[in-house]
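> Quick one, what's the 3D model for this:
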Amino acid sequence: MDGSVTLAYDYPVLGVFWTTMWIFLWIMWFFLLFRVISDIFRDHDLNGWGKAAWLVFVLILPFLGVLVYIIARGKKMGRRELQQVQEQQEAMDEYIRRTAGKSGTSEVDQLAKLSEIRARGDISEEEFQQAKARILQ
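Purely as a prediction, here's the structure:
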């Protein structure tokens, strides 16, 4: 062979740690960059020109732009994230309420089951009337 081959034992443990750390930091940097960019678009307080200016600043000078954005608008960034999560939770709860209401048993079905139970003799006439009143409320 005319080239050198790097074997696993030629790469020191500290070198592996250093490489792993740099990969981790780059991944964290991209997460932060995308979170800042998504926060720029999510912010309803900024007008179009403000969003465009922040976006250009973050894309042209990414390290400085993200640092300045975090310093200037970081506190509200967390509030906007919390507000979005709460809105999504409320929308999901409303969807579940609507869907469960449509797929539930109707009053007619409940009354039919109740009269079957009364016909078998499992409940008395008084219990039947009480349950019927609860269903029809």
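> what about the closest residue to Gln84 other than its chain neighbours, distance to Gln83?
In space, and not counting its chain neighbours, Gln84 is closest to Arg42: 6.6 Å by C-beta to C-beta, 6 or more residues apart in numbering. (C-beta placed from N, C-alpha, C; glycine too.) Computed with C-beta to C-beta, to the nearest Å, the distance linking Arg42 and Gln83 is 9 Å.
> repeat for Trp18
According to C-beta to C-beta, Trp18 and Gln83 sit 40 Å apart.
> Now the spatially most central residue of the chain: which helix or strand?
A centroid search over the chain (C-alpha atoms, centre = their mean) returns Val85, at 6.0 Å, as the residue closest to the centre. Counting by DSSP states H and E, the element that carries Val85 is helix 62-103.
> next structured bit after that helix?
Later in the chain than helix 62-103, the nearest helix or strand by DSSP H and E is helix 107-120.
> Pull out the buried positions in that next one.
Going by neighbour count (16 or more other C-beta atoms under 10 Å), the buried part of helix 107-120 is 110, 114, 118.
> From the contact counts, what lies against the helix holding Val85?
The helices and strands touching helix 62-103, judged by 3 or more C-beta pairs under 8 Å, 6 or more residues apart in numbering; DSSP states H and E, are helix 13-42, helix 48-60.
> Let's have those in a markdown table, adding mean neighbour count.
Output for the helices and strands packed on helix 62-103, formatted as a markdown table (neighbours: other C-beta atoms under 10 Å):
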| stretch | mean neighbour count |
| --- | --- |
| helix 13-42 | 12 |
| helix 48-60 | 13 |
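> Mind splitting this protein into its structural domains?
Structural domains annotated on the chain: 8-104, 105-137, as defined by automatic domain parsing.
> And the residue nearest to Ser115 when sequence neighbours are not counted, how close does it get to Asp39?
In space, and not counting its chain neighbours, Ser115 is closest to Phe128: 7.5 Å by C-beta to C-beta, 6+ apart. According to C-beta to C-beta, Phe128 stands 59 Å off from Asp39.
> Assign Arg134 to helix, strand or coil.
helix (DSSP: H, G, I helix; E, B strand; the rest coil).
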